[in-house]
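> what's the 3D shape of this:
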Amino acid sequence: MKVTIYSFALIVFFLGSTGFTYAQTDSAAVFDVAGNCGLCKKRIENAATLDGVEKAVWDMKTHRLTVKYNYEKTSLAAIQQSIAHAGHDTPLFRAPDEVYEKLHECCLYERLDKDKNSGEHQYSTTEGEEHDHDKHDHIITGVVVNESGKGDLTPIVGVNVVWLEDPIRRETSNENGVFKIKHEKGNKNLIFSYAGMQSDTIEVKDLHEVLVVHAQNNVLSEVVVSRKKKSTYIDALTPTRVEVLTARELFKAACCDLSESFETNVSVDVVSNDAVTGSKQIQMLGLSGIYTQLTVENLPGPRGFATPLGLNSIAGTWINSIEISKGIGSVVNGFENMAGQINVELKKPQNSEKLFFNAYANNMGRTDINLNLAHKINSDWSVGFLLHDNFMYNKNMNFSENGFRDVPVGNLFSGINRWNYENGKGTIIQFGVKYLKDDRTGGEIDFNKDTDRLTRNKYGIGFDNQRIEGFAKIGYVFPENRLRSIGLQLSGSNYTQDSYFGQNTYNSDQRSGYANLIFQDVLGSVAHKYKLGTSVSYDDYQEEVNAFNYDRKEVVSGAFAEYTFSPSEKFDAVLGLRQDYNSLYGWFTTPRAVLRYTPVSGTTLRLSSGRGQRTANIFAENISVLASSRNIDFASYQTSGTAYNLQPEVSWNTGLTLDQNFQLFGRESGVSVELFHNNFLNQVVVDYEDSRTVSFYNLDGKSYSNSLQAEFRFMPARHFETRMAYRMLDVETDYSSGRLQKPLTAKHRGFMNLAYNLHSGWSFDYTLNMVGQKRLPSTVDNPVEYQLPAYSQAYVTMNAQISKSLGKDKNFDIYVGGENLSNYYQKNPILAFDDPFGDYFDTGLLWGPLTGRMFYTGVRYHIK
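Next comes the predicted model:
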């Protein structure tokens, strides 16, 4: 009997928010089933062949099962449940852990996470790649099986495995037929021998492959599939275009907190609000971050008064993945999404490392310590802690030499304690508590808050912020119909801020509550899905600015319905409608629609359109105006039945995207083109065009943004990933002085990211950002020495990082890196810094990097 080899990858999928996708007609269906090999194929097809099933074929390459069945005798849910009971995850059922753990060793596929979008199990299939792996050490893993005349596969124990080039190194297959043998430089051919079988020599072409040596009465075949884990991906089968950044992508930079987690991404800009507070905001589609809905596991993230400093409160090491959706989103998540949604999925105790530790320090005096702990109490319960501490005490950091600290000094501590319960009978409960304490001081280097606060001795700023939040998510999947489920999302928070900016004071207290009830089911078949629900949000805002009070209570309650039509894998249509009542502004309607069409494999088109609405918090969202000498007519914004005597902001967003995947030089590549238009029916205009004042007023005229972005992804060589992108923005608003381009927003941006990873544990990452000119607010009324040009300079920044994984399990990482390696920074970030209590002082005209070249180092350690 002759022995040959199957070469195939352990390709496991994780497709979108449900984890899987499938398409169905009345009596036929195609859906994903997790598995690896021929043993899996046999087990899956046997489990699927229930009474009433005419045909069941599982494709080992695509991991999709095609079934034909009589719907009067069985159901799709019953078929999937039977497969799960045999040990393989399906779209509706997760295989019991105790069954999965008893599978054959080579069948232990990477599990589908119980929570959506972990991002750690995304793989792409690549054919025809060059085979250069013989240049380094590696462990080859494989399994030897025998196929009987009936097609049954059984492991062969005791097969001898030896390198032709190094016959001294010898291994044998274990009781499961599995072998592992070390590969060293120069080794290319493995010899397999077993009593009663003819020896055979196999050329090892790809160390990524799990080798299956297969014997079947001299009938031989070979399958070659290689894999590459993606650090960022776009799921072609979800109706809404969602770009997912996995933890692997975040590790390309230090990512101490959420504000630093988009450095290797072109879709989101993170910019400093001013030159003294250290606060940052995200920008998407050329619009301020207030128009992007920020959620944490689909619960409200930092919002309202917490918006300016909210990005600093979520540690990067807590994050499992980040989901970026441009344009309009689902009505299930609310009505405030106007430019897009960013959802942050945190690490969960039931599927995280038992311990994860990170320590970071840079040459500017910043230190970060992170500790994640997870413990599985029993089969139902698990608990986790996520802790983050940030220290910054170098008050002398001042690149522009203007006498002001570039970054406030102090300490930020945040933590999460979370619990997870899942009884395997359909009930899932998650709950926990979050805490944040942020105490920082900035301003002039010589400022002493004990003696100089609120005086004219030295200019200083200070924050004392505290936030506590409780959250819970309760879900139930009906055992008799796994397509039917009900879920309740709950959160409540209290945020307080005591702050000062020179002689201006800002104190706020926000108490918020949120509840969202969601029911989902199908109409006849999975081609027709729907969601129904109701939600309520409560915000009690208490705000004092220089002794002016702006207190208000705002309650929004409503109901929503969403219908999804999916007749095949090529097409989806999602239609959503919300009807809400705002206690300040009355009734309003939110319609939204999303279409997805895949005309051919690899090509995905999406069209989306819908309405968004939000209430502006003009002082909290523009806190930088208090760190200036600009005049504000505080009395005119005192509330009388509305928020600041202003109307809610309302816009319509329409977007068209194209994602095209193809093979280039034998490797997976792709191009994405996006076009979005956002049109405001009303906007709270923030007007800086008068050099001496800042005004807030309702839009009188037009305000819009147009965004065009193109991205190209390819692999010029094995292990070498490249992404290049260009973006153009056209953002204009009708101010009281006329229509102008939005200030401090670059019309053009270029981006490139290079990533090279080796099996030895080395990783190299480089990011280039090219930022075009930005229009600056008018300063023509100032004295000549305090006037700025009409436009800023264009500039280039470069970031790079090198990391090395150490240890037998590669669970210890050392990383070093640099940011802004071009050392470009704005030389005059503060206008009239020499007279901070004068009439022309302004810290809010920041258009470029505030600090120059920075270097950092850190370590990571984890126990699985």
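> Tell me the confidence at Asn682?
Looking at Asn682, its pLDDT reads 98.
> swap that for Asp834, please
Note for Asp834: predicted pLDDT of 96.
> The one 4 residues further on too?
Model confidence at Gly838, expressed as pLDDT, equals 95.
> count of neighbours near it?
10 (other CB atoms under 10 Å). C-beta here means a position set from N, CA and C on the backbone, and glycine is covered the same way.
> could you say which helix or strand contains it?
In this assignment (DSSP states H and E), Gly838 forms part of neither any helix nor any strand.
> Quick check: it vs Ile44, distance?
Using CB to CB, to the nearest Å, Gly838 is found at 76 Å from Ile44.
> And Leu758, by the same measure?
Leu758 is 35 Å from Ile44, by CB to CB.
> who has more neighbours, those two?
Taking other CB under 10 Å, Leu758 and Ile44 do not tie; Ile44 has more neighbours (25 against 14).
> wait, what's in contact with the nearest residue to the more buried one once chain neighbours are set aside?
Nearest in space to Ile44, with sequence neighbours left out and distances taken as CB to CB, 6 or more residues apart in numbering, is Trp58 at 4.6 Å. Contact analysis of Trp58 by CB atoms under 8 Å, 6 or more residues apart in numbering lists Val33, Gly35, Cys40, Lys41, Ile44, Glu45, Ala48, Arg64, Leu65, Thr66.
> helices or strands up against whatever helix or strand the fifth one lives in?
In this structure, Ile44 is located in helix 38-48 according to DSSP H and E. With contacts defined as 3 or more CB pairs under 8 Å, 6 or more residues apart in numbering; DSSP states H and E, helix 38-48 has these neighbours: strand 53-59, strand 64-69, helix 76-85, strand 138-147, strand 153-155.
> elements contacting the fourth one?
Contacts defined by 3+ CB pairs under 8 Å, 6+ apart place strand 138-147 against helix 38-48, strand 153-155, strand 178-183, strand 189-194, strand 210-215.
> let's see it at 6 Å
Other elements packing on strand 138-147 under the criterion 3 or more CB pairs under 6 Å, 6 or more residues apart in numbering; DSSP states H and E are strand 153-155, strand 178-183, strand 210-215.
> Out of these, which is the most enclosed?
Each of the helices and strands packed on strand 138-147 was scored by mean neighbour count; the highest is strand 210-215, a mean of 22, by mean count of other CB atoms under 10 Å.
> Could you check how far Tyr856 is from Val816?
Taking CB to CB, one finds Tyr856 at 7 Å from Val816.
> Please say which of those two ends up with more neighbours.
Tyr856 (20 against 14).
> for the helix holding Ile44, what is the average pLDDT?
What helix 38-48 shows for mean pLDDT is 87.
> orientation of it relative to helix 76-85 in degrees?
Angle between the axes of helix 38-48 and helix 76-85 is 140 degrees (criterion: axes from the mean of the first three to the mean of the last three CA atoms, to 10 degrees).
> CA atoms only for helix 38-48 - export them in PDB, please.
The C-alpha trace of helix 38-48 is given here as PDB (Å, rounded to 0.1, in the frame of the first residue of the first chain):
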ATOM      1  CA  GLY A  38     -11.700  14.000   6.300                       C
ATOM      2  CA  LEU A  39     -12.600  12.700   9.700                       C
ATOM      3  CA  CYS A  40     -14.700  15.800  10.300                       C
ATOM      4  CA  LYS A  41     -16.300  15.500   6.900                       C
ATOM      5  CA  LYS A  42     -17.500  11.900   7.700                       C
ATOM      6  CA  ARG A  43     -18.800  12.900  11.100                       C
ATOM      7  CA  ILE A  44     -20.600  16.000   9.900                       C
ATOM      8  CA  GLU A  45     -22.300  14.300   6.900                       C
ATOM      9  CA  ASN A  46     -23.400  11.300   9.100                       C
ATOM     10  CA  ALA A  47     -24.800  13.700  11.700                       C
ATOM     11  CA  ALA A  48     -26.700  15.700   9.100                       C
END
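> Name the residues that touch it?
The contact list for helix 38-48, computed with CB atoms under 6 Å, 6 or more residues apart in numbering, reads 33, 35, 56, 58, 60, 67, 79, 82-83, 86, 88, 104, 107, 153.
> who does the residue at minimal distance from the centre of the chain bridge with?
Closest to where the C-alpha atoms of the chain average out (CA atoms, centre = their mean) is Ile322, at 0.9 Å. Using DSSP bridges, the bridge partners assigned to Ile322 are Leu245, Val344.
> before we move on, what about Glu422?
Residues in beta-bridge contact with Glu422 (DSSP bridges): Ile428.
> Look up how far Gln430 lies from it.
For Glu422, the distance to Gln430 (CB to CB) stands at 9 Å.
> gap between stretch 639-656 and the chain center?
Remark: stretch 639-656 is offset 27 Å from the chain centroid, using CA atoms, centre = their mean, to the nearest Å.
> whoops, I mixed them up, stretch 382-400
Counting by CA atoms, centre = their mean, stretch 382-400 is centred 22 Å from the centre of its parent chain.
> ok, and the closest non-adjacent residue to Leu607?
Computed as CB to CB, 6+ apart, the closest residue to Leu607 that is not its neighbour in sequence is Leu595, at 4.6 Å.
> Now the element after the strand or helix carrying the one you found, going C-ward?
Element membership of Leu595 [criterion: DSSP H and E] is strand 586-597. Beyond strand 586-597 on the C-terminal side, the first helix or strand identified by DSSP H and E is strand 603-614.
> Now that next one - C-alpha only, PDB.
Only the C-alpha atoms of strand 603-614 are listed here, as PDB (Å, rounded to 0.1, in the frame of the first residue of the first chain):
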ATOM      1  CA  THR A 603     -17.100  41.400  -5.500                       C
ATOM      2  CA  THR A 604     -19.400  43.000  -2.900                       C
ATOM      3  CA  LEU A 605     -21.500  46.200  -3.400                       C
ATOM      4  CA  ARG A 606     -23.300  47.900  -0.600                       C
ATOM      5  CA  LEU A 607     -25.700  50.900  -0.600                       C
ATOM      6  CA  SER A 608     -27.000  52.500   2.600                       C
ATOM      7  CA  SER A 609     -29.100  55.500   3.500                       C
ATOM      8  CA  GLY A 610     -30.900  56.700   6.600                       C
ATOM      9  CA  ARG A 611     -31.600  59.500   9.100                       C
ATOM     10  CA  GLY A 612     -29.800  60.300  12.300                       C
ATOM     11  CA  GLN A 613     -30.600  62.700  15.200                       C
ATOM     12  CA  ARG A 614     -28.800  63.900  18.300                       C
END
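> what are the pairing partners of whichever helix or strand comes after that strand, and which direction each?
Going down the chain from strand 603-614, the next helix or strand is strand 649-664, by DSSP H and E. Paired with strand 649-664 in the same sheet, following DSSP bridges, are strand 603-614 (antiparallel), strand 667-682 (antiparallel).
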